[in-house]
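Enquirer: Next input, structure requested:
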Amino acid sequence: MSIDLNHPLRKKTPKRKSFYSQIISRLGLFLLFCTFIVGLSIYILISHAFVGTISEMIPYSVIREIAPIPLTIPLNIEDKQSPSKRDNNTVCNQLKNDSSQHDGQIQNDISGKTVVNKPTRSTSIDSLPTIEERLILGLSKKELLAKNKVGREDTEVPAMDKNFCSNASGARIAIVVSGLGISQTGTQRAINLLPANITLAFASNGNSLDRWMKEAKKKGQEAILQIPMQAFDESYNEDDSYTLKVTQTVQQLLNRLRYSLRRGTGYFGVMNYRGAMLLSNKESAEVIFKEFAKRGLLFFDDGSSPRNLTRVLAPKLNLPYMVADLYLDDQVDRDKIREKLKGLEEIARTTGQAIGVAVAFDESIEVISQWLQQEHVRDVSVVPLSCLAKLSSPSS
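Expert: Numbering: from 1, shown residues only. Model (predicted):
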């Protein structure tokens, strides 16, 4: 019997795979790899969608801008005052100097009683008018509707119930919660948790603004529109269809502004988002202020930049305006927000009224809701922003 030496013990050597078999196996591996990549991409997209409601709010966090400009002359208020506790590093030293100069000064009033003059308030960010100028009634519904042609041209602008304003006594505080419409869940939460005496600011680059504004109106909450404007740290190359910029021509600026104004209905005023560069530029600021005045809108300056020309230009253009006194959540910390609310109370007691601004962060909504229910002192009334509105004139 012969033995085949090529196949000892009857074991056959495996045949080499054919060329087509190799191609098919490699193609299978490639398809498996592609399937893995597609699955991973879908997972990442889904994960991003879930966290989007948080990440979308990040652009609306606020960094207050400090400018090295001279301090304005301190206010002299002829009533008993308590010093302001505004948290502003740029005026800290000036406040100390004012305190040392004014503390202890004693004068006799008309009745012959001795009165101690307490320190007056001095700040480069909010050089407030006198008490007589600031203690004013809110515009009546008839007056506000007669002056306003807002958003879409055929839209009436609802004013707050006049009783809300007339029933308030003592010092008054208005709080504006901004950045609504960016996060759907955050917007719904703010509308549900905040009462009717809190003013809501909806971002013009948000989503479903008509729906949200109508829902807020059903709850009795008043609304303003928040429009993004160019800041000093913003690149000239960055662009979107909403931000108002100093490099735009008058017509470009108006076209972009009117586009934002048409995105919502039922608001009585406009608020800036950032915008230190635009609002400090006389030509650009005049263009948008004239448009606001033409439509009967109030302009609310968030007070984040001392360079803004709102107080200078608005009276000349017969534009109703207000300027915020404090940003309540420039530090998103519950304890810090509570401290700012206490500071807002002190400003209201000193000047007769005060305005605070917050972003619709969960922490801010929670603390403000608690403060409204439990913590705010009874000698301070919380009212909608429209209750503090006045028609500015060149003499004011």
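Enquirer: Quick check: Ile175 vs Lys290, distance?
Expert: When distance is defined by CB to CB, to the nearest Å, Ile175 is 29 Å away from Lys290. (Each C-beta comes from the backbone N, C-alpha and C, glycine too.)
Enquirer: Now do the same for the nearest residue to Ser280 once chain neighbours are set aside: its pLDDT.
Expert: Among residues not flanking Ser280 along the chain, Arg307 sits closest, at 3.9 Å (CB to CB, 6 or more residues apart in numbering). Per-residue confidence at Arg307 stands at 94 (pLDDT).
Enquirer: now do the one 3 residues further on
Expert: As summarised for this prediction, Thr310 has a pLDDT of 97.
Enquirer: ok, now the one 10 residues further on?
Expert: Reading off the per-residue confidence, Pro320 sits at a pLDDT of 95.
Enquirer: in stretch 268-285, what counts as buried?
Expert: Judged by neighbour count (16 or more other CB atoms under 10 Å), stretch 268-285 contains these buried residues: 268-281, 284-285.
Enquirer: Please apply the same query to stretch 255-267.
Expert: Buried residues in stretch 255-267, defined by neighbour count with 16+ other CB under 10 Å: Arg256, Leu257, Ser260, Leu261, Arg263, Gly264, Thr265, Gly266, Tyr267.
Enquirer: Check which helix or strand the fifth one maps to.
Expert: Using DSSP states H and E, Arg263 is not contained in any helix or strand.
Enquirer: Which residue comes closest to Thr199 once chain neighbours are left out?
Expert: With sequence-adjacent residues excluded and distances taken as CB to CB, 6+ apart, Thr199 is closest to Leu385, at 4.1 Å.
Enquirer: Next, work out how far apart that neighbour and Ser41 are.
Expert: Distance from Leu385 to Ser41, counting by CB to CB: 46 Å.
Enquirer: Span of stretch 358-367 from start to end?
Expert: The first residue of stretch 358-367 is 11 Å away from its last residue (CA to CA, to the nearest Å).
Enquirer: Looks to me like Asp330 is in a strand.
Expert: No. For Asp330, which was evaluated using DSSP: H, G, I helix; E, B strand; the rest coil, the result is coil, with no strand membership.
Enquirer: What pLDDT does the model give it?
Expert: Listed pLDDT for Asp330 reads 92.
Enquirer: what about Val367, neighbour count?
Expert: Residues within reach of Val367, counting by other CB atoms under 10 Å, total 23.
Enquirer: same question for whichever strand or helix holds it, mean pLDDT?
Expert: In this structure, Val367 sits in helix 362-370 according to DSSP H and E. Helix 362-370 comes out with an average pLDDT of 96.
Enquirer: hmm, who's touching that helix?
Expert: Helix 362-370 is contacted by residues 175, 177, 186, 189-190, 193-194, 198, 328-329, 332-334, 337-338, 341, 358 when judged by CB atoms under 8 Å, 6 or more residues apart in numbering.
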